[in-house]
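Engineer: predicted model and sequence below, questions to follow.
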Amino acid sequence: MPAFILQIVSFLQQALTWVVALAVPATALTVGYHALMRATAQDDMAAMHHARALKNALIYGVIVILAGSITIAVLGAF
């Protein structure tokens, strides 16, 4: 393979490693924040809003982590 292709693959692996490494604590902090806000909500509307946001944060966080990890694994084959 040409050298510039190997450099691009290496760059993508490093970048995705950082994305996955930062997505894990970001997802945990976001889910924790919305869980705390849902537990301390004064009315039902705010609690519903934070419950929905908690679900979305968890789903999108898992998608980012899995997509990054799968892409790193595929790039590792090169």
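Structural biologist: Received it, and whenever you're ready, just let me know what you need. Since the model is a prediction, treat every value here as computed from it, not as a measurement.
Engineer: what's the average pLDDT for the host helix or strand of Val74?
Structural biologist: Using DSSP states H and E, Val74 falls within helix 44-76. Computed over helix 44-76, the mean pLDDT rounds to 96.
Engineer: and the angle from the helix or strand harbouring Trp18 to helix 44-76?
Structural biologist: For Trp18, the host element (DSSP H and E) is helix 3-39. Between the axes of helix 3-39 and helix 44-76, defined by axes from the mean of the first three to the mean of the last three C-alpha atoms, to 10 degrees, the angle is 160 degrees.
Engineer: chain center to the helix holding Val74: distance?
Structural biologist: In terms of C-alpha atoms, centre = their mean, to the nearest Å, the centre of helix 44-76 is set 6 Å apart from its chain centre.
Engineer: ok, back up a step: which elements pack onto the helix holding Trp18?
Structural biologist: helix 44-76 (3 or more C-beta pairs under 8 Å, 6 or more residues apart in numbering; DSSP states H and E). The way it works is simple: take the backbone N, C-alpha and C, and place the C-beta from them, glycine included.
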